[in-house]
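Asks: Need coordinates for the below:
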Amino acid sequence: MCSPVCISRVTSVIVHIWIMRYLCTINFYRVAEVVKKQLVKFAHKGKEDFYTAVRGRVNEYFAANNISTYSNSAMYLKTVVMLSLYFVPYLLVVTGVASVSLWMFYAMWLLMGVGIVGIGTSVMHDSNHGAYTHNKQVNMLLGSVLNLLGGYARNWRIQHNILHHTYTNIQGLDEDIEAGAAIRMSPEKPLLRMHRYQHIYAWFIYCIMNLYWITVKDYIMLFRYRRTGLLAKEKVSFQRAILELTLLKILYVAYIIVLPIMFGGVAWYHVIFGLLGMHVIAGFSLACIFQPAHVVETSDFARPDEDHKMENNWAVHQIRNTANFAPNNKLVCWFIGGLNFQIEHHLFPHICHIHYPHLSKIVATVAQEYGVPYQVMPTFRSALIAHGRMLHKLGTTERP
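Replies: Numbers count the residues shown, from 1 in each chain. Purely as a prediction, here's the structure:
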């Protein structure tokens, strides 16, 4: 019988061959070399800089009100609701209860898609930032829920916590603005003829992003992170990671496809269509939440100089490349985990999002005092329109 190490090596070879055939479309090695050799350095912050001031006032807020930076009872309730949005409909599907009507069957899958968004933006997101609780084991447990949604928590922490939160909107380092050749989300990417229509077709690509993520993206990311040395930050070997990822993908296929086909009480193709609908809802919604916070006209997409140094310090760079939206919409604030307060999240990712509405007032005040731009779009609709405008500009102008 083959050992786990043997299985992992065979799996690694098979996946590696597949990915090598795919590299021509994603410019894989160029991005890897940028991450490995050309990490940028931000300007040094002074003793009385913006970030020092805003961090001091935020700390004063928590101390004065004697509250924790972690989650509270409202967050615990939200956690139960978000997890239920996904797992309760799944139980109804897999036990055959939802098969009494195809309308109900498909409604359950679509509700699961909504659950993916809620878990991803609230529970999993805070946990993988270490912001949910001071207990590392609980953070790890709740963060690993991502593995049950078809993703891979180790990859997510590298892509999001390390690359996106450090190098926001820097081409070649922030993978959140890397959507392949089809969508130009940075003025540093080559402008192609097809990009003139990206403000139209990008929304359709967003619909399939989750499907790409649960099938091949995690494998591509693992090979990239091994090459750049970022996987080592997760304190796991490549062989173990590739085996772990493969077993998780097999588990996902087994419980999300095989079990519903076996026990759902409907034809197999209804399960497949339900699964596709779930991920279309999730992919489109997540893209519409995250992209308007960074790929908008107010973002400056600052470039490093020839020595790979940035003009601004890290905090100023974050705030100049991030925007809030719909701050007064209570439903939006509750459902998407406060990610409409992206400025506060980027400055204080270790603080639970439940506190962001209060912190936004502090950050806005300090930003005004220091002459730092603080961008807020009044509604979710205005944020989507702003993102569409930026896609159009990036599709027709070398550097908007």
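Asks: residue contacts, the residue nearest to residue 366 when sequence neighbours are not counted?
Replies: When the adjacent residues along the chain are set aside, residue 366 lies closest to residue 54, with 4.2 Å between them (CB to CB, 6 or more residues apart in numbering). C-beta: built from backbone N, CA, C; applies to glycine. Contacts for residue 54 (CB atoms under 8 Å, 6 or more residues apart in numbering) come out as 315, 347, 362, 363, 366, 367.
Asks: Does the last one touch residue 50 like I think?
Replies: It refers to residue 367. Yes. Residue 367 is in contact with residue 50 according to CB atoms under 8 Å; the separation is 7.0 Å.
Asks: hey, what's in contact with both of these two?
Replies: Listed as contacting both residue 367 and residue 50 by CB under 8 Å, 6+ apart are residue 319.
Asks: just to revisit the earlier point, what about the one helix or strand the residue nearest to residue 366 maps to, distance to the chain center?
Replies: With the criterion set as DSSP states H and E, the secondary-structure element containing residue 54 is helix 50-65. Counting by CA atoms, centre = their mean, to the nearest Å, helix 50-65 is centred 27 Å from the centre of its parent chain.
Asks: Then stretch 294-313?
Replies: Using CA atoms, centre = their mean, the mean C-alpha position of stretch 294-313 is found 21 Å from that of the whole chain.
Asks: contact partners of it?
Replies: Contact partners of stretch 294-313, identified using CB under 8 Å, 6+ apart, comprise 38-45, 49, 51, 168-171, 176-177, 185-188, 317, 320-323, 342, 373, 375, 377, 383, 386-387, 389-391, 393-394, 400.
Asks: Could I get the full set of helices for the stretch 51-200 of the chain?
Replies: For the stretch 51-200 of the chain, the helices identified by DSSP state H, counting those that start in this stretch occupy 73-94, 102-118, 124-128, 136-143, 145-148, 153-156, 165-166, 198-207, in order along the chain.
Asks: so what's the residue nearest to residue 328 when sequence neighbours are not counted up against?
Replies: Taking CB to CB, 6+ apart, and ignoring the residues beside it in sequence, residue 328 has residue 378 as its nearest neighbour in space, at 7.7 Å. Taking CB under 8 Å, 6+ apart, we find residue 378 in contact with 325, 326, 327, 328.
Asks: Any quick ChimeraX command for the buried ones out of these?
Replies: Here is the ChimeraX command that selects only those of these that count as buried (16 or more other CB atoms under 10 Å):
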select :325,326,327
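Asks: Columns secondary structure, distance to residue 105 and pLDDT on top of the contacts of residue 378, output as TSV?
Replies: As requested, the contacts of residue 378 are exported to TSV (DSSP: H, G, I helix; E, B strand; the rest coil; distance: CB to CB, whole Å; pLDDT from 0 to 100):
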residue	secondary structure	distance to residue 105	pLDDT
325	strand	34	98
326	coil	33	97
327	coil	38	97
328	coil	37	96
